[in-house]
Every structure is written in C-alpha cells, then in structure tokens.
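> okay, here's the prediction I keep looking at, along with the sequence it came from:
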Amino acid sequence: MSRRIAVFASGTGSNFDAIMKAVEADRLDCEVALLICDRPGAKVIEKARTYGVTTFVFDPKNYPSKADFEQEIVTELKKVEVEWLVLAGYMRLIGLTLLHAYPSNIINIHPSLLPAFPGKDAIGQAFEAGVKVTGVTIHYVDEGMDTGKIIEQEALYVEEGESRDSLQQRIQAIEHKLYPATIQTILNLGDKRRERGTKHEEKSTT
Ligand code: GRF
C-alpha cells in the first residue's frame with residue numbers, strides 16, 4: 001500500500017506524463033494505481049491508457065453535489081489502496097469528503113511562487129504583473145485555494161522581453177523535473193513515518 005499513488009488531472013496531462021516517465025526510468029519508486037479525471041475527453045485520459053493506468057473519469061454535472069462525487073472518488077481510491085493523492089492540473093477545489101478521507105496526504109503543484117498568484121492562470125497573472133521572478137510551488141492541500149503548507153519551490157528569472165509562451169514552457173520544464181523528485185521525497189518521508197509508528201507500536205506492546 002505504501003508506494004501506491006493516484007494522480008488527479010483535468011487537462012493535457014504533461015505532469016502526469018512526467019510522473020509516468022520518472023516511474024519507468026526508476027527515478028520515482030511508486031505505482032500510479034489510478035488516474036482521476038473530472039473532464040470526459042481530456043487528453044490526459046488517453047495518456048493514462050497508453051501507460052496502462054486505470055482511469056476513473058466522471059462528469060461533476062451528473063452528481064447533486066461535490067460531496068457526492070467525492071464520495072465516489074473515495075470508493076474508487078479505496079479499491080486500489082493508494083496512500084497519496086497527487087494533483088497535477090486538477091482544476092477543482094478539493095472538498096471536505098476527500099480531505100477527511102486522506103488527511104495530510106494530498107499534494108498539488110502550482111505554477112507560481114505561492115502565496116503569489118494563487119488560482120487560475122497563475123502564469124498569465126505573473127506575466128501581466130511584470131514580475132522579474134516567478135516559479136513553481138509544490139504544497140500540501142487544505143480547504144483553501146493553493147493555501148496549504150509549502151513543500152518545495154523553484155524560482156526562475158523572467159527574461160527581458162520574454163513572451164508568455166516562453167515563460168510557460170520554462171515553468172513547465174521545471175514542473176516536470178520538480179514534481180517527480182518531490183513525490184519521491186514525500187514517499188520516502190511517508191515510509192519513515194510508518195517505520196517510526198511501527199517501532200512505537202512494538203515498544204508499547206512489550
Ligand atoms: C500545471 O502548470 C500545473 O502547475 C497546474 O496546472 C497545469 C497542468 O498542466 N496546476 P498539465 O495538464 O500537467 O500539462
């Protein structure tokens with residue numbers, strides 16, 4: 001169970017692809033047991049199929065509430081026994097149903113140096129603001145919009161006269177390296193946490 005993750009995505013899935021490539025290259029020691037996608041027809045679904053990753057695709061419009069579709073997601077996650085939920089371009093706030101089912105075990109990647117430019121189109125926001133430095137943040141997920149505890153950040157300088165497209169490409173190149181590496185670190189920490197818990201249990205039963 002310890003090294004099984006689920007990826008949540010809504011769109012292109014370039015980060016999903018980077019995670020899968022890292023797994024295949026043994027740079028990331030885990031199994032991607034499930035892709036959750038809230039947009040039928042999103043490109044990431046086809047990517048998951050080419051990697052042989054099981055998908056759970058749903059349309060939020062078919063559920064009376066967020067709690068209802070999140071409850072179904074939890075059911076699917078329990079079936080495949082994942083420990084970590086990795087958001088990679090999942091364009092939806094995580095609700096209390098998922099947060100309570102996986103406390104402290106949901107992470108997200110965001111294309112800015114949080115707390116600057118949370119929410120949608122962070123790259124466009126930074127570009128329009130004319131910042132000289134921006135970057136990528138990986139953070140734990142809480143009930144807010146990109147507000148959880150920061151795990152990792154990498155900065156880059158915006159070049160003089162750089163186009164938005166160029167900035168986006170350079171930010172995504174950082175994401176594709178930083179996310180697999182950070183997931184690996186998080187999984188290792190999870191293992192240590194569990195070992196300590198097991199030792200503690202052993203001690204307390206002797
Ligand atoms: C990434 O820039 C990520 O930081 C943000 O959404 C984008 C998803 O891109 N949360 P992709 O679908 O992984 O290509």
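Here it is on my side, so go on.

> what about the lowest-mean-pLDDT helix or strand in the chain and the ligand, any contact?
Least confident helix or strand, the chain: helix 164-205 with a mean of 87, by mean pLDDT, DSSP states H and E. Yes: using CB under 6 Å from any ligand atom, helix 164-205 reaches the ligand at Glu175. All C-beta spots, glycine's among them, are computed from the backbone N, C-alpha and C.

> what is that helix packed up against?
Secondary-structure packing of helix 164-205 (3 or more CB pairs under 8 Å, 6 or more residues apart in numbering; DSSP states H and E): helix 14-24, strand 84-87, strand 106-110, helix 122-129, strand 133-140, strand 150-157.

> indicate which one of the ones you listed is closest to the ligand.
With CB to the nearest ligand atom as the measure, helix 14-24 is the member of the helices and strands packed on helix 164-205 nearest the ligand (3.2 Å).

> any idea of the angle the closest one forms with helix 164-205?
Our comparison of helix 14-24 with helix 164-205, counting by axes from the mean of the first three to the mean of the last three CA atoms, to 10 degrees, yields an angle of 50 degrees.

> now do helix 14-24: which elements does it pack against?
Partner elements for helix 14-24 (3+ CB pairs under 8 Å, 6+ apart): strand 4-9, strand 31-37, helix 43-50, helix 164-205.

> hmm, it touching the ligand?
Yes: using CB under 6 Å from any ligand atom, helix 14-24 comes into contact with the ligand via Ser14, Asn15.

> by proximity to the ligand, which residue of the chain wins?
Nearest to the ligand in the chain, going by CB to the nearest ligand atom, is Gly89, at a distance of 2.6 Å.

> looks like that residue contacts Asn15 (just checking).
Yes: contact criterion CB atoms under 8 Å: Gly89 and Asn15 qualify, at 6.1 Å.

> quick check: residues of this protein near the ligand?
Residues of the chain lying near the ligand (CB under 6 Å from any ligand atom): Ala9, Gly11, Thr12, Gly13, Ser14, Asn15, Ala88, Gly89, Ile109, His110, Pro111, Glu175.

> name the member of those residues with the most neighbours.
Ala9 (28 neighbours; other CB atoms under 10 Å).

> that older thread, and the helices and strands packed on helix 164-205 as CSV, adding mean pLDDT?
Below are these laid out as CSV (pLDDT from 0 to 100):
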stretch, mean pLDDT
helix 14-24, 98
strand 84-87, 98
strand 106-110, 98
helix 122-129, 98
strand 133-140, 98
strand 150-157, 98
